[in-house]
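# When you get a sec, could you give me coordinates for this:
(one chain, ligands or ions: 1)
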Amino acid sequence: MYWSHMREGIQVERVKEFDEKDPVKGDYVLYWMQRAQRTEYNHALEFSIARANELDVPLVVYFGLTDDFPEADERHYRFMLEGLNEVDSSLEDRDINFVVKKKKPPKGAEELGDDACMVILDRAYLDLLRDWRRELSRKVDCPVVQVESDVVVPVEEVSEKEEYAARTIRPKIDDKLDRFLTPLKKGSPKSPSLDLDFDGVELNNVDEVLKGLDLKNDVPPVDSFRGGTSRAESLLDSFLKDKMQKYPDLSNDPSKNVVSHMSPYLHFGQISPLYIALKVKEEGGKGVDEYLEELIVRRELSMNFVYHSEDYDSMKCLPDWAQETLEEHEDDEREYVYSREEFEKAKIHDPYWNAAQDEMVKTGKMHGYMRMYWGKKILEWSETPEEAYETALHLNNKYELDGRDPNGYAGVAWCFGKHDQGWKERDVYGKVRYMNANGLERKFDIQEYVERVKDL
Ligand code: FO1
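So this is what the prediction gives:
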């Protein structure tokens, strides 16, 4: 099938047809918004508008709200719903009907897909989200087309295999940036869909929607970060204005706030990595290369990891050398041993570790440098590496706004040797890289971090 993608600034490599079917007769084109929860810089949305215009039908956008997304709670749902509320108004401004159904997401897409000429999906990388897409493609008769929008370089274009480390993926990404780091045009639907009538969830009152969901309500919402594209864009603007120049020197320092806070927004697709990258380049100056390294190379290494690794949520994903060395040192005596519950309460002997855990629980976001220290110490002070791995993933997924994400799985795996090399052998860690409190004290005013977290 020939789609005129480049006319809309969408590279063909972003587009994948699940089948060879032609569009069928239907009432509308359906875009199942799942990963890319935004109306700005959303290739799947722009592709859908263009297809609807070609077929001379309206476009309907659908989102499936499930209350049993693994390890998610009120905190994450509130953030997501705040973003979806904004999507609703901004689609309305473009005369597009946004239908939110409280259903298993592929099921709602299937029902709406029965009357569609074609269904368009965005792309996600975690197993569950890939399964949802496969389920839908098996169930509908019309063509299903996936458009990849939440990475700068499409994951299969970067590499057909799992990469070892940032140093191996970096040149592969760099080679493709000229092609993919390009602006996306914004289109308008020719036929409005607002007067089509669908049953769905009213998003205006986020509290009401939350009340209607069957959540555990163990992890309360946070005031520190509110969801939505406009909030993401204003945080990005203040980062570009006040912080990016300092990023190379101070982004690692937990006592300073020289970070962009984009990760929760990226997790829910409320902002596009391509949009961020273009804004960063446009701003220019000090910090551009260091920031783009994190945003593109490191982040897209984590997509490469979960896409290619079957075991991204267990120690089996680690390189052989790391699994072997951790096994050899499994019986080493630990100076302290804590259970998951003890870690969770943040009352262990180490004030820096407790501060990191507290920061995550209170704000939904731990400073990036402390995430490394936090994970390494869970490895050091758990009964076994397996238990440590499970504790780190569980706490990360439970409390971080950006948990349950490829970046989170890669971040925890890194603490256990993934995407890293072997270091000098020592107790418990074996050859896995070690971190200690002296390092924090030497490099930063870590007491200031502890005080800052206390005041949160
Ligand atoms: N995706 C959905 O399509 N529907 C949901 O109800 C939903 C809930 C949810 C809660 C927490 C969370 O971290 C993610 C959630 N997701 C949901 C997935 C999310 O939209 C992103 O696609 C993934 O997080 C990307 O990795």
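# for this structure, what spans make up the strands?
15-17, 28-32, 59-65, 97-102, 116-122, 144-147 (DSSP state E).
# And residue 240, how close does it get to residue 247?
Counting by C-beta to C-beta, to the nearest Å, the gap from residue 240 to residue 247 is 10 Å. From N, CA and C alone the C-beta is placed, and that goes for glycine too.
# What parts of the stretch 201-350 of the chain come near the ligand?
Within reach of the ligand by C-beta under 6 Å from any ligand atom, the stretch 201-350 of the chain has these residues: 267, 268.
# how about the nearest residue to the residue most central in space within the chain, chain neighbours excluded?
Central residue of the chain (C-alpha atoms, centre = their mean): residue 267, 2.6 Å from the mean position. Nearest non-adjacent residue to residue 267, counting by C-beta to C-beta, 6 or more residues apart in numbering: residue 402, 4.1 Å away.
# List the contacts of the one you found.
By C-beta atoms under 8 Å, 6 or more residues apart in numbering, residue 402 lies in contact with 263, 264, 266, 267, 365, 408.
# Would you check that the fifth one makes contact with residue 224?
Yes: counting by C-beta atoms under 8 Å, residue 365 touches residue 224, with 7.0 Å between them.
# between these two, who's got more neighbours?
residue 365 (21 against 14; other C-beta atoms under 10 Å).
# can you pull the contacts of that one?
So residue 365 contacts 224, 225, 261, 263, 264, 359, 400, 401, 402 (C-beta under 8 Å, 6+ apart).
# And the fourth one, how far from the ligand?
What it means is residue 263. Distance from residue 263 to the ligand, counting by C-beta to the nearest ligand atom, to the nearest Å: 11 Å.
# pretty sure that residue is touching residue 408, no?
No: using C-beta under 8 Å, residue 263 is not in contact with residue 408; the gap is 9.1 Å.
# follow-up on the earlier one: from the contacts of residue 365, which land in helices?
Secondary structure from DSSP state H places 263, 264, 359 of these in helices.
# pLDDT and neighbour count added to those residues, as CSV?
Shown next, in CSV, are these (pLDDT from 0 to 100; neighbours: other C-beta atoms under 10 Å):
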residue, pLDDT, neighbour count
263, 98, 21
264, 98, 28
359, 98, 25
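# Nearest to the ligand: which residue in the stretch 101-250 of the chain?
residue 105 (4.4 Å; C-beta to the nearest ligand atom).
# And for that residue, the neighbour number?
23.
# looking at it, it is touching residue 68, isn't it?
No: counting by C-beta under 8 Å, residue 105 stays clear of residue 68, with 11.1 Å between them.
# For this protein, list the residue farthest from the centre, please.
residue 333 (36.7 Å).
# you'd agree it is up against residue 427?
Yes: with contact defined as C-beta under 8 Å, residue 333 reaches residue 427; the gap is 7.4 Å.
# Kindly report the residues of the stretch 1-150 of the chain close to the ligand.
Residues of the stretch 1-150 of the chain lying near the ligand (C-beta under 6 Å from any ligand atom): 34-35, 64-66, 69, 72, 76-77, 80, 105, 124, 126, 129.
# which among those gets closest to residue 415?
residue 126 (19.5 Å; C-beta to C-beta).
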